[in-house]
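1. need a 3D model of the sequence below.
(2 chains)
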Amino acid sequence: KQEVTQIPAALSVPEGENLVLNCSFTDSAIYNLQWFRQDPGKGLTSLLLIQSSQREQTSGRLNASLDKSSGRSTLYIAASQPGDSATYLCAVRAGSSNTGKLIFGQGTTLQVKP
Amino acid sequence: DAGITQSPRYKITETGRQVTLMCHQTWSHSYMFWYRQDLGHGLRLIYYSAAADITDKGEVPDGYVVSRSKTENFPLTLESATRSQTSVYFCASSEPGQGNQPQHFGDGTRLSIL
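-> This next block holds a predicted model:
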């Protein structure tokens, strides 16, 4: 059974710092991996999606990497800002099925202090 | 506006009552999903649908019923609500694609069962 783990559960950093959020999964047979952002009381916003054949994706100050063989993904946030404060979730789309089902980690809650 | 709309945003009801959560998407995406989000469990898949009139169980389907008579709507019904079903419910949609289609989420319904 696929399990997704995110460490740490919470992180507090000063503004301007570069940071890395970690995601690990137990079964390397994934279709893709997606990083989401969730603000309090809101739904999930898709940040980056990495297909199983890719190693990384970039969007602005965000860079996500994927190492399937080791079951790991990282989300790198450059020059963090207070507006980046949110919970970040990673999710894997398991196996080769095209059903689109996602398995989520429990998230890392990020606080960026001014 | 295009997107996913969930209603109601907040609902309080009593044990034993039937309650239906609505989800409407304007993209004509094939796939739709229902998740529940709980502290300590993260996001878990309840049901999903690959197309109109095609639905299947997710990880935690017991006590829930879904239907999909139209592509754009995917209601979730709690037939006889229990306190353990107090949660935040999210609807999502996506195209199947070839591993490059992200899931898009609504803002959620916060359901309290007394």
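2. distance of the closest residue to residue A:18 other than its chain neighbours from residue A:17?
-> Of all residues not flanking residue A:18 in the chain, residue A:78 sits nearest, at 5.2 Å (C-beta to C-beta, 6 or more residues apart in numbering or on different chains). For the C-beta atoms, the positions are set from N, CA and C on the backbone; glycine is no exception. Counting by C-beta to C-beta, to the nearest Å, the gap from residue A:78 to residue A:17 is 9 Å.
3. give me the distance from the worst-scoring helix or strand of chain A on mean pLDDT to the chain's centre.
-> One helix or strand of chain A scores below all others by mean pLDDT, DSSP states H and E: strand A:102-104, with a mean of 91. The chain centroid and the centroid of strand A:102-104 are separated by 11 Å under C-alpha atoms, centre = their mean, to the nearest Å.
4. before we move on, what about stretch A:5-23?
-> Relative to the chain's own centre, stretch A:5-23 is displaced by 11 Å; criterion: C-alpha atoms, centre = their mean.
5. measure that stretch end to end?
-> End-to-end distance for stretch A:5-23, by C-alpha to C-alpha, to the nearest Å: 6 Å.
6. find the nearest non-adjacent residue to the residue nearest the centre of chain B, please.
-> In chain B, the C-alpha nearest the mean C-alpha coordinate belongs to residue B:34, at 2.8 Å (C-alpha atoms, centre = their mean). With sequence-adjacent residues excluded and distances taken as C-beta to C-beta, 6+ apart, residue B:34 is closest to residue B:46, at 4.4 Å.
7. any idea how many residues pack against the nearest residue to residue B:40 once chain neighbours are set aside?
-> The shortest distance from residue B:40 to any non-neighbouring residue, by C-beta to C-beta, 6+ apart, is to residue A:106 (7.7 Å). Residue A:106 has 19 neighbours, counted by other C-beta atoms under 10 Å in any protein chain shown.
8. is residue A:106 in a helix, a strand, or coil?
-> Secondary structure for residue A:106, judged by DSSP: H, G, I helix; E, B strand; the rest coil, is coil.
9. ok, it touching residue A:7?
-> No. The criterion here is C-beta atoms under 8 Å, and residue A:106 misses it with residue A:7 at 9.7 Å.
10. picking up where we left off before, quick one: contacts for the residue nearest to residue A:18?
-> A:18, A:61, A:62, A:63 (C-beta atoms under 8 Å, 6 or more residues apart in numbering or on different chains).
11. need the residues you listed in CSV (columns: secondary structure and neighbour count).
-> Shown next, in CSV, are those (DSSP: H, G, I helix; E, B strand; the rest coil; neighbours: other C-beta atoms under 10 Å in any protein chain shown):
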residue, secondary structure, neighbour count
A:18, coil, 11
A:61, coil, 13
A:62, strand, 17
A:63, strand, 16
